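[1] got a predicted model here, sequence first, then my questions.
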Amino acid sequence: MAVSKHLQDKLSLLPEQPGCYIMKDEKGKILYVGKAKVLKNRVRSYFTGVHNNKTTRLVSHIRDFEYIVTGSEKEALLLEINLIKKHRPPFNIMFMDDKMYPYIEVSGDQDFSVRISRKPNHKKSRYFGPYPSSSAAYEMVKLVNQIFPIRKCRTLGKQACLYYHMHQCLAPCVKKTDPKEVAKIRAEVIRFLKGDVDVVLDDLRLKMQNAAEELQFERAKELRDQIQHIEHIKEKQSIDFSDRTARDVFGYYEDKGYISFYGFFIRDGKLLERTLSITPIYEEKDEAFVSFIVQYYANNTKPKEILVPKGTDVEALEHALDVKVKVPERGEKKKLVDLVIQNAKEAHDQKFQLVYKKDKELDMAMQHLSRIVQREVHTIESFDNSHIQGSNNVSGLVVFEDGRPDKAQYRHYHLDTYRSDIDSMKEVVYRRYFRLLKDGKPMPDLLIVDGGAAQINAAKSIRDDLMLDFPIAGLVKDDRHATRALMLEDLKEVPLSKEDPLFFMLTRLQDEVHRFAIEYHRKLRSKSMTKSVLDEVPGIGETRKKELMKTFKSMKSLRQADVEALARVVPEDVARRLFDRLHPSE
């Protein structure tokens, strides 16, 4: 690739110091953030020599760069992570979806509960995790709540619920519980979550046998399922360290331009869960690995010890995380690191073809779309409007980057009083692109409207009034409401084959924007329906409204309730006013 005079001049000015560099495209959008021991050498390397296909693709988009000098490599690493988190560049290794993994919390209350928590910050509570699989954490909480008679609700009610009658709760809502009994149950729950399940298994087996002898076959089956679930968990926790140190083990495998990360999370000597991420790589694999680990701990609790394979920059990790990081040379810990790397390789081999095929098809779809509109397309925006007989007129905007949803850029719009679909389209297009103009932000490469000639012309009129320059297309449906063609600005239709990757990408875009708009419309409609009745009754504020909806679940159930039932939640005079408001004809 020929390097422009602008880039050559900037490359000649690079310092021989550590720091971060920020690669940008022709619109000034940040493509990639990296760190370097020596900025001059690292940044220049992108524009010289031979690269793999992935790096070549990144370099082909670079039109400018910036750099920030730091005092040390540690500062460069931490700055890189913060810049990645802030700008979410499309060519950077991103850790999962940037959310905290769930923990299981045993609360520190007198009448404690066991629940999922993503912020382990209550000093009196005990936490177990993290669980990279949310489903595994929720299944474990469900199992604990089935086995032990513990509090299920976050807010104590005024009467005993079904769990009490099923012997799954001590009902602290209506009677005083014995502190010694509660403490004993809490200790049993903690032992169970630590992996000491044999006592619970023996008890369940005895209960199952007794249920079978008493011909309570449904109960026996329920207990058998619980036993099997616990045994499955016990089997997965096969690694056992006697020192009970909280430690995480990470490894990776890189091949064909993709990298897979794998991790073991060991708490109280037990292997809790494993995690995997496979992603394209545009940088040195060891640097990507370090970046991945630091990003993970930006949102998750650090253990006492981290184990990594040979070749990892241990010093950089220790400085960044303030945790002991080891590269084991022998023994059980070395076997554990080898096992993580082996799992990363096996998972990579299993998932590579699927991920590669998906990436290749998206590339083909975007190239096809670029040929159709006769310009390079990376960013696609699409609107969909939703209303019922003109009420709650809303619109949803979704953004796809290189064929993938960029949910951070999704937007909802609450529109003016409904006049027509054309007016709604004009309003939302104006609001979106006037705001981008005002804020100096880049425009999309293509706007796709969910409709034909009328919608395209409406969007075009606003775009031209704002003197913008991006193409507009519409999705044309057949008589079965399935997408059959892409209509261009000149109203020429381009047929879409159902075998074409572009068809699948546009169908996904259409489904996504429709879902996003409908979801917002339902939310507003539900809010307005509730407000129209409850907010008009004197004596009902936000607290009583929440209690009513929590008790009766829906407006239908609320209307079916008599005054006596309503008076169990609100004062009797308020209950009578509410009943009269719900039944005006009576």
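    That came in fine, so what should we check first? Numbering: from 1, shown residues only.

[2] roughly how far apart are residue 18 and residue 70?
    In this structure, residue 18 lies at 5 Å from residue 70, with Cβ to Cβ, to the nearest Å as the measure. (C-beta placed from N, C-alpha, C; glycine too.)

[3] figure out the helix or strand that residue 249 lives in.
    Remark: residue 249 resides in strand 247-255, with elements defined by DSSP states H and E.

[4] what segments of the stretch 201-350 of the chain are strands?
    247-255, 258-267, 270-280, 305-307, 324-326 (DSSP state E, counting those that start in this stretch).

[5] neighbours of the nearest residue to residue 68 once chain neighbours are set aside, how many?
    Beyond its immediate neighbours in the sequence, the residue positioned closest to residue 68 (Cβ to Cβ, 6 or more residues apart in numbering) is residue 20, lying 4.9 Å away. One way to gauge burial is a neighbour count; for residue 20, by other Cβ atoms under 10 Å, it gives 24.

[6] which residues touch the closest residue in space to residue 409 that isn't next to it in sequence?
    If the residues on either side of it in the chain are set aside, residue 409 comes closest to residue 399, at 3.9 Å by Cβ to Cβ, 6+ apart. For residue 399, the contacting residues are 379, 380, 381, 405, 406, 409, 410, 444, by Cβ atoms under 8 Å, 6 or more residues apart in numbering.

[7] before we move on, which element is residue 399 in?
    For residue 399, the host element (DSSP H and E) is strand 391-401.

[8] what lines up beside that strand in the sheet?
    Sheet neighbours of strand 391-401, with direction, are listed as strand 379-388 (antiparallel), strand 404-405 (antiparallel), strand 411-414 (antiparallel) (DSSP bridges).

[9] what ranges do the helices span in the stretch 401-550 of the chain?
    Secondary structure of the stretch 401-550 of the chain (DSSP state H, counting those that start in this stretch): helices located at 421-439, 453-465, 501-534, 542-552.

[10] how far does the shortest one sit from its chain's centre?
    This means helix 542-552. When C-alpha coordinates are averaged (Cα atoms, centre = their mean, to the nearest Å), helix 542-552 and its chain have centres 30 Å apart.

[11] what is the following helix or strand past it packed up against?
    Stepping forward along the backbone from helix 542-552, the first helix or strand reached (DSSP H and E) is helix 555-560. The contact analysis (3 or more Cβ pairs under 8 Å, 6 or more residues apart in numbering; DSSP states H and E) places helix 555-560 against helix 501-534, helix 542-552.

[12] doesn't residue 449 make contact with residue 475?
    Yes - the pair formed by residue 475 and residue 449 meets the contact definition of Cβ atoms under 8 Å, at 7.5 Å.

[13] so between the two, which is more surrounded?
    Per other Cβ under 10 Å, whichever of residue 475 and residue 449 has more neighbours is residue 449, with 26 against 22.

[14] could you measure from residue 489 over to residue 540?
    According to Cβ to Cβ, residue 489 stands 53 Å off from residue 540.

[15] likewise for residue 109?
    30 Å.

[16] more neighbours: which of those two?
    When residue 109 and residue 540 are compared for neighbours, residue 540 comes out ahead with 20 against 14, by other Cβ under 10 Å.

[17] once you drop chain neighbours, what's closest to the more buried one?
    Nearest residue to residue 540 in three dimensions, chain neighbours excluded: residue 534, at 5.4 Å (Cβ to Cβ, 6+ apart).

[18] pLDDT weak spots in the stretch 351-500 of the chain?
    Within the stretch 351-500 of the chain, the stretches with pLDDT under 70 are 387-392, 418, 479, 481.

[19] show me what residue 249 bridges to in the sheet.
    When bridges are assigned using DSSP bridges, the partners listed for residue 249 are residue 264, residue 307.

[20] that one touches residue 263, doesn't it?
    Yes - Residue 249 is within contact range of residue 263, at 6.6 Å (criterion: Cβ under 8 Å).

[21] overlap in contacts of those two?
    By Cβ under 8 Å, 6+ apart, the residues touching both residue 249 and residue 263 are residue 340.

[22] neighbour count winner among the two?
    Neighbour count, other Cβ under 10 Å: between residue 249 and residue 263, residue 249 has more, with 26 against 23.

[23] quick one, what contacts that one?
    Contacts for residue 249 were tallied using Cβ under 8 Å, 6+ apart; they are 263, 264, 266, 306, 307, 308, 336, 337, 340.

[24] and the pLDDT at residue 114?
    Model confidence at residue 114, expressed as pLDDT, equals 86.

[25] distance check, residue 339 against residue 277.
    18 Å.

[26] and those two? which has more neighbours close in?
    For residue 339 versus residue 277, the count of surrounding residues by other Cβ under 10 Å is larger for residue 277: 19 against 15.
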